[in-house]
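Engineer: sequence and predicted structure are below.
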Amino acid sequence: MSKTTRAGILLRQWIETNGTTQMKLAADLGVSQTAVSAWLCGSEPRATIAGRLQELAGIPLSAWGERIEDEGSIAD
């Protein structure tokens, strides 16, 4: 198990549920796939990108600072 953010797990779930990829999301947001991968692992995006992810995927801004153990999914 590794530490990530609640947002990272929510983003991973959103990617899987919507049948998209890290590359497609990165292209849609104008960032690199490496940036998306880093967010999934616990890094925080710039505020403007976090806001866009809130609009796109419903990820609350507060979830980026919420560190948790990554077990692959979380309960709502």
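Structural biologist: Nice, thanks for sending it over. Residues are numbered from 1 along each chain as shown.
Engineer: burial measure for the closest residue to Trp14 other than its chain neighbours, as a count.
Structural biologist: Of all residues not flanking Trp14 in the chain, Ala57 sits nearest, at 4.2 Å (Cβ to Cβ, 6 or more residues apart in numbering). C-beta coordinates here come from the backbone N, C-alpha and C atoms, glycine included. By the criterion of other Cβ atoms under 10 Å, Ala57 has 17 neighbours.
Engineer: begin at 252 from here
Structural biologist: With the count now opening at 252, the last piece we talked about shows up as Ala308.
Engineer: pLDDT value on Ala308, please?
Structural biologist: Ala308 is assigned a predicted lDDT (pLDDT) of 95.
Engineer: Leu262 is in contact with that one, correct?
Structural biologist: Yes: applying Cβ atoms under 8 Å as the test, Ala308 and Leu262 come out as touching, 6.3 Å apart.
Engineer: which residues sit in contact with Ala277?
Structural biologist: By Cβ atoms under 8 Å, 6 or more residues apart in numbering, the residues touching Ala277 are 283-284, 286-287.
Engineer: tabulate those (a markdown table), appending neighbour count, secondary structure and pLDDT.
Structural biologist: Formatted as a markdown table, the contacts of Ala277 follow (neighbours: other Cβ atoms under 10 Å; DSSP: H, G, I helix; E, B strand; the rest coil; pLDDT from 0 to 100):
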| residue | neighbour count | secondary structure | pLDDT |
| --- | --- | --- | --- |
| Ser283 | 13 | coil | 98 |
| Gln284 | 14 | helix | 98 |
| Ala286 | 18 | helix | 97 |
| Val287 | 25 | helix | 97 |
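Engineer: after the helix or strand hosting Ile300 comes which helix or strand?
Structural biologist: Following DSSP states H and E, one finds Ile300 within helix 298-308. Toward the C-terminus, helix 298-308 is succeeded by strand 318-321 as the next helix or strand (DSSP H and E).
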